[in-house]
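>>> what's the 3D shape of this:
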Amino acid sequence: MTGEPASAPARVGAQVFGSGGRRIGRVDAVFVDYLLVRTVGAVPVDLYVPTEATHVESPLRIQIEVDATQAYERWHRPLRAVAHD
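Alright, predicted model coming up:
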C-alpha cells in the first residue's frame, strides 16, 4: 500500500475502508492502541480496531485489510448485560 508511514496519526472523522475498497465507517475517537470506528448502515455499531491493523493513507482515509463482516466479527464488543436488583 502507498501513503503515509504507519506512524502517521489517524484523525477523528477519517473514513475507514475495508478490503475491496468498501467504506466501513468513520473514526469517532483515537486512542493509543485502537481506533473507535462507527460503522455505516441502518444500525451503526462501534468497532474497536487495533492501530496495528490499520494503514493511514491520508489524515482522512484509513485502510484495513479485512472486509466489513470480518471487521465486525473481530472488533465489535457488544455491551454485557448487567443484573438489576
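>>> Let me see the ranges of the helices in the protein.
68-75 (DSSP state H).
>>> so who does the residue positioned nearest the centre of it touch?
Geometric centre of the chain, nearest residue: Val37, 3.9 Å, by C-alpha atoms, centre = their mean. Neighbouring residues of Val37 by C-beta atoms under 8 Å, 6 or more residues apart in numbering: Val16, Ile24, Gly25, Arg26, Val27, Asp28, Asp46, Leu47, Tyr48, Val49, Ala71, Trp75. In short, each C-beta sits where N, CA and C put it, glycine included.
>>> per-residue confidence for the second one?
What it means is Ile24. At Ile24, the predicted lDDT confidence score is 96.
>>> same question, the first one
According to the prediction, Val16 has pLDDT 97.
>>> Okay, strands next: where are they in the chain?
15-17, 23-30, 34-39, 46-50, 54-58, 61-64 (DSSP state E).
>>> Columns distance to Pro9 on top of the ones you listed, output as CSV?
Conversion of the strands of the chain to CSV gives the following (distance: least, C-beta to C-beta, whole Å):
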stretch, distance to Pro9
strand 15-17, 14
strand 23-30, 7
strand 34-39, 11
strand 46-50, 15
strand 54-58, 7
strand 61-64, 11
